[in-house]
Structures are given as C-alpha cells and as structure tokens.
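A.B. asks: give me coordinates for this.
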Amino acid sequence: MRKFGYQGVELAGEPDSIDIEKTKKLLLEYNLECSSICGIFTPERDLSSSNEAIRKNAVEYVKKSVDLAKALNAQTLIVVPTCVGKLSSETTLEEEWNNAILSVKEAGQYADEQGITIAIEALNRYETYLVNNLSLALRFVEEVNIECVGIMADLFHMSIEERDMKASLTKISDYLAHVHIADNTREAAGLGQTDFKPVISFLKDRNYQGYITMEFLPAVSNPYLASGLTGESNIFDDFTRQSIQHMKKIVGN
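C.D. replies: A predicted model of the protein is given here:
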C-alpha cells in the first residue's frame, strides 16, 4: 500500500484474531498508520437485537474493538447499528431501533472515555434494514447524543440510497467522521459511474481532516464473504493502484 502512496490502512475489527505487537511492527516497517477499525457485525454481534444476551455480546464486542483501535493508535471505529444481512426486524422496527440506540450509548460512553470516535455506517437496503441512508444515520447519532459518535459516509451505499451525494453530505456535515470510497460497482474508484468531484469539492470546502478509505470488494452478496476469497491479490493490487491514482487526479484539480 505504501508503494502506491497510501498513508494508512483500515483493519477489520476482529480483536481476538489480531496480534497487536506484530501489527504495530508491520505498520512501522511500512510507514503506515492504522487509520480506523471496521467493525464486523455478524448475527452474534447485533446491537439491535431484542435477545439481551446477543445485545450485550454486541456491546462488549464494540468495547473490545475500541480497545483494539486505541492499542493501534487508530482514530475511528466503524459501527453498523444492526447485523449485516438482516433485512427485517425480528420484533418491531421501533423496538430494535431503541435497542440499537441503547447499545451505542453504552459502547459510546466507553469509546468517549478512551478517546475513540465511533462512526455510524448506513448500509444500503440490500444489506440491512435499520439505518440505510444518511438521514437515518443523522437521526440515529442525534438520539445517541454522545460527542464521540459521528457518521461515516460510504459512497458505494450512497450511490444506491442518496439522490444527491453533496446535499446528503451537507446535511450531516457536523457529524462527518470518516469516508469510504468505492465506485457504484463496488470496484475501484474510476471503474464505474460515480462522479467523485462533488464529494471532493465538499470535503475541501469543509476542510475535512479525517481519512478517506478505499473500500472495494468483489461482487458478493454479503461483504463479509470477501474475507474468505483466495487468489484475488492481483485484483486488489490493481484496484489499490487504480483508486488512489483516480482520486489524486480529482483532489489535485
């Protein structure tokens, strides 16, 4: 990643699987920062669950991910308010919304104490059901009402759910904590139809100081399935190079 000009790397939120000291050495060796931790929200980590054991397990998972972020000097932990792949409520929408608010309040208080930002991610309607767009993300963080809890803007999901990316970003600008970049095909920036110029213009105008993370994935129904794929390293190298080259051209203009 460093050879392509990246300054940092976002790591998957699996606290029990990451060797912190080994990871620190690798980051130092390649002169990279750990920019952020991307939470992995499986059914056992469902912050919206009405099963109290599952909900509490999800909160503890977020807290452990906060500890991981702090240990690696990452600024941000990305949180999805319900599990990925859950397309309808198990009880009622209102109950599960309130469960998720309670869970993020509990985890958010801990993150605030540790100096870690929680960035709420809105996923498109085909991956989850609770928070699908930035308007709902805004409502969510306002109800949580903890200073360290903000919003992540993911341009792939926005290309599905938002009518006007710049207008949507303007609406949540006070809470914008992190940005994910992928084209509308979820491939590298520049390979699809997304116009990134208005987004970069917005970030420049707002003097955005956070990270912009390239998050591209193969064409799979559930993004977590990508972690099990093999033989894709050449594709990811090509995508890694393509993304930063495309975005640097836009940033430089």
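
A.B. asks: tell me the contacts of Val199?
C.D. replies: If you count contacts by CB atoms under 8 Å, 6 or more residues apart in numbering, Val199 has them with 155, 165-166, 169, 179. Every C-beta, even on glycine, is put in place using the N, C-alpha and C of the backbone.

A.B. asks: can you give me the strands for the stretch 1-150 of the chain?
C.D. replies: 8-13, 33-39, 76-79, 117-121, 149-154 (DSSP state E, counting those that start in this stretch).

A.B. asks: make a markdown table out of those strands and add mean neighbour count.
C.D. replies: Listed next are those as a markdown table, based on neighbours: other CB atoms under 10 Å:
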| stretch | mean neighbour count |
| --- | --- |
| strand 8-13 | 19 |
| strand 33-39 | 23 |
| strand 76-79 | 27 |
| strand 117-121 | 26 |
| strand 149-154 | 26 |
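
A.B. asks: for these, give me TSV that also has mean pLDDT and distance to Ala53.
C.D. replies: As requested, the strands of the stretch 1-150 of the chain are exported to TSV (pLDDT from 0 to 100; distance: least, CB to CB, whole Å):
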stretch	mean pLDDT	distance to Ala53
strand 8-13	96	20
strand 33-39	98	19
strand 76-79	99	19
strand 117-121	99	22
strand 149-154	98	24
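
A.B. asks: tell me which of these lies nearest to Gln242.
C.D. replies: Ranking the strands of the stretch 1-150 of the chain by proximity to Gln242 (CB to CB) places strand 8-13 first, at 17.2 Å.

A.B. asks: return the distance of Tyr126 relative to Ile151.
C.D. replies: According to CB to CB, to the nearest Å, Tyr126 and Ile151 sit 20 Å apart.

A.B. asks: related to what we said a few turns ago, determine which two of the contacts of Val199 are furthest apart.
C.D. replies: Among those, the pair separated by the greatest distance (CB to CB) is Lys166 and Val179, at 13.0 Å.

A.B. asks: neighbour count for the two, which is higher?
C.D. replies: The neighbour comparison of Lys166 against Val179 (other CB atoms under 10 Å) goes to Val179, with 22 against 15.

A.B. asks: ranges for the helices of the stretch 101-250 of the chain?
C.D. replies: 134-144, 155-161, 165-171, 197-205, 233-252 (DSSP state H, counting those that start in this stretch).

A.B. asks: and the contacts of Val199, which is closest to Asp19?
C.D. replies: Using CB to CB, the shortest approach to Asp19 within the contacts of Val199 belongs to Val179, at 28.1 Å.

A.B. asks: contacts only, for that closest one.
C.D. replies: 152-155, 199, 203, 208, 210-213.

A.B. asks: quick one: which of those is nearest Glu10?
C.D. replies: If you rank the contacts of Val179 by distance to Glu10 using CB to CB, Thr213 comes first, at 4.8 Å.

A.B. asks: which residues does that closest one contact?
C.D. replies: Applying CB under 8 Å, 6+ apart to Thr213 gives the contacts 8, 10, 35-36, 178-181.

A.B. asks: one more time with 6 Å, if that's ok
C.D. replies: Residues near Thr213 by CB atoms under 6 Å, 6 or more residues apart in numbering: 10, 180.

A.B. asks: tell me how far it lies from Asn124.
C.D. replies: Between Thr213 and Asn124 the distance is 18 Å, computed by CB to CB.

A.B. asks: chain neighbours aside, what residue packs nearest to Leu27?
C.D. replies: Cys34 (6.0 Å; CB to CB, 6 or more residues apart in numbering).

A.B. asks: so that neighbour bridges to which residues?
C.D. replies: Per DSSP bridges, the residues bridged to Cys34 are Val9.

A.B. asks: same question, Gly150
C.D. replies: For Gly150, the beta-bridge partners are Ala119 (DSSP bridges).
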